[in-house]
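>>> What shape does this take:
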Amino acid sequence: MQASTVDLVADTARAAAARRTMAWAAGGLAVAATVAGGWLAPPDQLQGDAQRLMYLHVPAAWVAYAAFAVVLAASGAYLMGGDLRWDRFARAAAELGVVLTAAAIATGSLWGHLVWGTWWAWDPRLVSTALLLLAYGGYLAVRRTLVERTGARDGGDHRVAKPAAVVGAACSLLVPVVHFSVVWWRSLHQQATMLAPHRPPMDPRMATALLLAVAAATLAGSYVLLHRVVRLERRLGVEPSPAAERTPVDVG
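Sure, this is the predicted structure:
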């Protein structure tokens, strides 16, 4: 029996059904994470119930990182192959990453208010995350500016895609700065918990709730990304096969 694959970005009934299945799976995992994080997992000994914001804050930050990784990969793929579909992936991923970075800052600010007693501290993690949000917000602004200046269609024109890909790749340099800021500089923000070998292990119930939340956010983010690309291609009137759009791109 020959295995079949589904193009999850295709504007077809079969692909739409696969995306809906992904969304339902994300919803199921979110319910499980809510039960595990809200009732089964114990409160933190030092932070109390405020620590439960971790089940929102960490997944938002994780999927934002993943979205920005997609921006980098898609931008590089576009520059190498000239396929405009990769440019649309980069745009959709940047939009997702910006929203989730804002959510991570908001939940982190609330968490900090409950634990540190302040909504904002000039902490390396907070400042670098804010810069990351500004950088990718600037990336989207660059795309908008190019569209207005050239009259091109965003996601369907190399005049927008090429400079945007360069900017998107450059913005990715901030991601490791954000991630390692708590290691490189003195920070109020706690360091990695699950992947840190020198820290006490997390309570298994907390770890389970966090993993469920991260899995739910990853699936939900993947669904939103795919759905957004489909909507962009539908609006642009892109043919089912993107091969016809491929043209050599001069990166010099």
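
>>> any idea which helix or strand comes after the helix or strand of the chain with the lowest mean pLDDT?
Taking mean pLDDT, DSSP states H and E as the measure, helix 174-184 is the helix or strand of the chain with the lowest mean score, a mean of 75. With elements assigned by DSSP states H and E, the helix or strand that comes after helix 174-184 is helix 204-236.

>>> following the helix or strand containing Met80, which helix or strand shows up next?
Using DSSP H and E, the element containing Met80 is helix 54-81. The helix or strand immediately downstream of helix 54-81 is helix 84-115, counting by DSSP H and E.

>>> and that next one, what does it pack onto?
helix 54-81, helix 124-150, helix 158-171, helix 204-236 (3 or more C-beta pairs under 8 Å, 6 or more residues apart in numbering; DSSP states H and E). Every residue, glycine included, has its C-beta placed from N, CA and C.

>>> go with 10 Å
Helix 84-115 sits against helix 54-81, helix 124-150, helix 158-171, helix 174-184, helix 204-236, with contacts defined as 3 or more C-beta pairs under 10 Å, 6 or more residues apart in numbering; DSSP states H and E.

>>> In TSV: those, plus mean neighbour count and distance to Ala16.
Converted to TSV, the helices and strands packed on helix 84-115 look like this (neighbours: other C-beta atoms under 10 Å; distance: least, C-beta to C-beta, whole Å):
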stretch	mean neighbour count	distance to Ala16
helix 54-81	21	21
helix 124-150	18	26
helix 158-171	20	26
helix 174-184	16	32
helix 204-236	19	8
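
>>> Now find how far off-centre stretch 204-224 is within its chain.
Taking C-alpha atoms, centre = their mean, to the nearest Å, one finds stretch 204-224 lying 13 Å from the centre of the chain it belongs to.

>>> ok, now stretch 217-234?
11 Å.

>>> And stretch 27-39, by the same measure?
21 Å.

>>> can you pull the buried residues of that stretch?
Leu29, Ala30, Ala32, Ala33, Ala36, Gly37 (16 or more other C-beta atoms under 10 Å).

>>> among those residues, which are in helices?
Leu29, Ala30, Ala32, Ala33 (DSSP state H).

>>> Contact partners for the last one?
Contacts were defined as C-beta atoms under 10 Å, 6 or more residues apart in numbering; by that measure Ala33 touches 41, 55-56, 59, 208-217.
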